[in-house]
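J.: Here's my sequence, what's the structure:
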Amino acid sequence: MKKRLLSFAKYAVFLGLGLFLVWWSFRQIPDDKWDEFTKSLSTANYWLLIPVFVILALSHLVRALRWKILMQPMGYQPRVANTFFAVMIGYLANLAIPRLGEVLKCTFLARYEKVPAEKLVGTIVAERAVDVVSLGIVFMLTMVTQSDILAEYGNELIGQLFKKGENISITALLLFAGILIILFIALRVWFKQFSHLKIVMVIKKIIAGVWEGLISIRRLKQKGLFILYSALIWLLYAAGTWVGLMATDGTAHLGMGAALGALAFGSIGMIVTPGGIGAFAFFIAKVLEENGVPFEIGFANGTLQWFAQFLIVVLLGSISLLLFPVYNKKKNSHESHSSN
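T.: Numbers count the residues shown, from 1 in each chain. Predicted coordinates:
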């Protein structure tokens with residue numbers, strides 16, 4: 001019960017932050033600029049949502065193919081369709097409750113494929129680690145293409161988030177490290193003394209699955225393809241963002257450099273709040289503002305791009321949720337007839 005309340009409290013806090021950023025963003029638009037904001041949305045080229053839809057759908061498919069590669073060292077070969085369905089259901093669930101999607105996509109795939117869910121947890125951890133590295137590369141590319149803009153905006157954000165002195169930050173960091181060390185030692189002692197308890201055995205099983213997923217990267221037979229898929233996912237993200245910038249008049253002239261900056265900070269926005277609500281459009285607007293785009297125009301474009309991503313996840317996620325049992329019922333029926 002306490003765990004559920006804590007999860008709900010965390011979700012409420014981040015959702016509240018997202019709604020606050022929506023309200024704050026609207027407050028940033030001067031009264032005499034509201035017409036430009038609404039005009040930017042009303043005159044947007046909504047036909048460009050089609051290529052954005054295709055590009056982002058392809059990125060989700062590539063993510064499913066990459067996930068399959070992570071399962072191969074463990075001896076599992078799930079079908080591409082099932083893997084894709086699971087990925088999209090995970091994204092759909094994340095719109096409601098952050099991180100719930102990671103659990104659900106493992107659960108759904110385990111239901112229709114012979115893959116233990118606890119072992120899939122490790123592949124999710126491995127995927128997230130690669131995504132963090134990939135996002136870091138996007139930031140570095142942005143530094144190369146827009147070093148002055150990124151530095152100025154980054155300093156502004158850091159200044160707002162960390163207003164305390166350097167000594168306090170170092171003290172907090174050392175305290176945090178000390179707590180982690182004590183917690184690690186306590187867990188080791190607890191696991192050793194109470195290894196007979198069912199909950200300890202379950203936790204050990206999950207940890208073993210996570211570890212197997214992590215070391216599976218080292219044992220990949222298709223390392224080159226895994227790296228190619230990882231690069232392609234973020235290349236498609238960048239392409240989708242660039243096409244999205246073309247949708248509104250005030251941002252159509254911007255190039256790939258601005259798209260990389262928008263992708264970098266927009267990705268942070270997707271992490272900060274559930275589904276990126278408020279934060280995604282706000283961060284993109286601030287980055288585009290550094291590129292000479294008025295905030296109201298940038299916020300309109302960021303809102304449009306956020307809506308496009310939201311719509312894609314809702315549509316493909318809902319379709320995947322419906323097709324998952326139907327596809328597997330037909331597949332199992334076909335295999336049954338073949339065996340007879």
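
J.: Run through the protein and note the low-pLDDT ranges.
T.: For the chain, applying pLDDT under 70 flags the ranges 1-34, 146-180, 182-184, 186-217, 330-340.

J.: Which parts of it are strands?
T.: Assigned by DSSP state E, the strands in the chain number zero.

J.: what about stretch 273-293, start to end distance?
T.: Distance between the two ends of stretch 273-293: 24 Å, counting by Cα to Cα, to the nearest Å.

J.: In that stretch, which residues are buried?
T.: The neighbour-count check on stretch 273-293 (16 or more other Cβ atoms under 10 Å) flags 273-291, 293 as buried. No exception for glycine: its C-beta is placed from N, CA and C like everyone else's.

J.: So the nearest residue to residue 85 once chain neighbours are set aside versus residue 270, what's the distance?
T.: Distances taken as Cβ to Cβ, 6 or more residues apart in numbering place residue 320 nearest to residue 85, at 4.0 Å, with adjacent residues excluded. Distance, residue 320 to residue 270, using Cβ to Cβ, to the nearest Å: 20 Å.

J.: Look at those two and report which has more neighbours.
T.: Per other Cβ atoms under 10 Å, whichever of residue 320 and residue 270 has more neighbours is residue 320, with 24 against 18.

J.: picking that back up, surely the residue nearest to residue 85 meets residue 90?
T.: No: if you go by Cβ atoms under 8 Å, residue 320 and residue 90 don't touch, sitting 9.5 Å apart.

J.: Find the residue closest to residue 117 in space, skipping its chain neighbours.
T.: residue 110 (4.0 Å).

J.: thought the one you found was touching residue 104?
T.: No: the criterion here is Cβ under 8 Å, and residue 110 misses it with residue 104 at 10.5 Å.

J.: Give the other helices and strands that the helix ranked longest in the chain contacts.
T.: Longest helix of the chain, by residue count under DSSP state H: helix 295-339. Other helices and strands packing on helix 295-339, by 3 or more Cβ pairs under 8 Å, 6 or more residues apart in numbering; DSSP states H and E, are helix 2-28, helix 34-42, helix 49-71, helix 80-96, helix 100-112, helix 223-245, helix 256-272, helix 279-290.

J.: make it 6 Å
T.: helix 34-42, helix 49-71, helix 80-96, helix 279-290 (3 or more Cβ pairs under 6 Å, 6 or more residues apart in numbering; DSSP states H and E).

J.: will you turn those helices into TSV that also has distance to residue 133?
T.: Formatted as TSV, the helices and strands packed on helix 295-339 follow (distance: least, Cβ to Cβ, whole Å):
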stretch	distance to residue 133
helix 34-42	35
helix 49-71	13
helix 80-96	20
helix 279-290	21
